[in-house]
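Engineer: based on what follows, work out the 3D shape:
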Amino acid sequence: IYGKSKPRTLATVENSVIQLAAAINHAHARKDTLHGAAFRPKPVTSVNQSPRWRASVAQIAGMFQWAIDQGKRGEALHRFLAFSVATLARPDATLDFSTAPAREQWNESAGTIDLNPRGRQQTKKHRATVRCPDRLMGWIDATKGQFVRNQREPVSSIRSAWDSMRVDLKMPEGPGGGTKSIRRSMATLLRARKCPIDQLEMQLGHRVLRSVTETYAPYSPDYLAEVLAMIETIMSEIEALVPSAFTGTEPENEPTPPVLEDRKDEKFQEDEMVGAARIELATTAMSTQCSTTELRAHSGSGPIPIHG
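Structural biologist: Coordinates of the predicted model:
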């Protein structure tokens, strides 16, 4: 009561009411109370209000630029943005994605990403299997383990960096400008470009295939083909504004040093040039010494002989 207060949406409040009613009715079923809940919660769909703010392609590009400008401190946020744009995954699924073989989330040969790791039970917030855009494949291939990470280790949250970015870029406060805004904004952009609604719903996890169908569908070349093409177009537009938006840097990708043989050749050429210079200097010195001696020998005894 005396702690920090925070505004709650109608949907959040109604979810709490639903849980309260369920607890009272459960207690009544066990005969712990005389009566069940004397109130009926409203359907969440009747009070659910999705935030209205959506980011444009230019604004999303601005987020990438902000993360890149932070250097190492912005790497985890940069990765979060790239994965969110490429997959439309929810923030928790984005942070959860890993290339670890035991999780079976990254299928390189099929070019697909299973947002639900092996062993995790699906919930009503269904995590779909989606196609991976070409621009993200190299970065994923170069990553071992959790994708959203800084240079030292994986991270479990990018909230601090996100909040700093939101202030600097003057994004809306509250849920409207939160981490889920990338998913909402991408869905809006795709819908405006006439993306097939069934494919968009599958990408978002709002439409669920039967379990058997979902197992084999991602291996088909036309699986989510149209939504994938549109996502790649948006990524191209972002990259036109921020060329390094979807470029990852990993230790494995650092330039390979010259091979040993090349170094030997360069060293040999360098020594040869230095050696030649030394010979020329020595020859000049010897010639100078000889001329000086000859000059002294003939001093006072007639003209100096001219050679050649």
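
Engineer: what about the stretch 101-250 of the chain, any weak spots by pLDDT?
Structural biologist: Counting by pLDDT under 70, the stretch 101-250 of the chain shows low-confidence ranges at 211-215, 248-250.

Engineer: would you map the strands across it?
Structural biologist: 106-107, 112-114, 129-131 (DSSP state E, counting those that start in this stretch).

Engineer: wait, which of those strands is closest to residue 97?
Structural biologist: Closest approach to residue 97 among those (C-beta to C-beta): strand 112-114, 7.0 Å. All C-beta atoms are positioned from the backbone trio N, CA, C, and that covers glycine.

Engineer: what are the buried residues along the closest one?
Structural biologist: 112-114 (16 or more other C-beta atoms under 10 Å).

Engineer: tell me which of those residues is nearest to residue 183?
Structural biologist: Nearest to residue 183 out of the buried residues of strand 112-114 is residue 113 (C-beta to C-beta; 14.6 Å).

Engineer: you'd agree the closest one is up against residue 88?
Structural biologist: No: the criterion here is C-beta atoms under 8 Å, and residue 113 misses it with residue 88 at 11.0 Å.

Engineer: okay, and the common contacts of those two?
Structural biologist: Common neighbours of residue 113 and residue 88, counting by C-beta atoms under 8 Å, 6 or more residues apart in numbering, are residue 130.

Engineer: so residue 52 sits against residue 176, correct?
Structural biologist: Yes: the pair residue 52 and residue 176 passes the contact test of C-beta under 8 Å, sitting 6.8 Å apart.

Engineer: which of these two has more residues huddled nearby?
Structural biologist: residue 176 (15 against 8; other C-beta atoms under 10 Å).

Engineer: what's the burial count for the closest residue in space to the more buried one that isn't next to it in sequence?
Structural biologist: Nearest residue to residue 176, sequence neighbours excluded (C-beta to C-beta, 6 or more residues apart in numbering): residue 51, at 3.5 Å. Neighbour count of residue 51, defined by other C-beta under 10 Å: 15.

Engineer: quick one: secondary structure of residue 51?
Structural biologist: Following DSSP: H, G, I helix; E, B strand; the rest coil, we place residue 51 in the coil state.

Engineer: got the buried residues of strand 112-114 as TSV, with distance to residue 61 columns?
Structural biologist: As requested, the buried residues of strand 112-114 are exported to TSV (distance: C-beta to C-beta, whole Å):
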residue	distance to residue 61
112	26
113	23
114	28
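
Engineer: out of these, flag the one nearest to residue 162.
Structural biologist: Once C-beta to C-beta is applied, the member of these that ends up nearest residue 162 is residue 113, at 22.0 Å.

Engineer: quick check: bridge partners of that closest one?
Structural biologist: residue 106, residue 130 (DSSP bridges).

Engineer: can you tell me how far it is from residue 24?
Structural biologist: Computed as C-beta to C-beta, to the nearest Å, the residue 113 to residue 24 distance reads 42 Å.

Engineer: can you give me the helices for the protein?
Structural biologist: For the chain, the helices defined by DSSP state H cover 10-29, 44-47, 57-69, 75-87, 91-96, 134-141, 159-168, 181-192, 197-204, 211-216, 225-241, 260-297.
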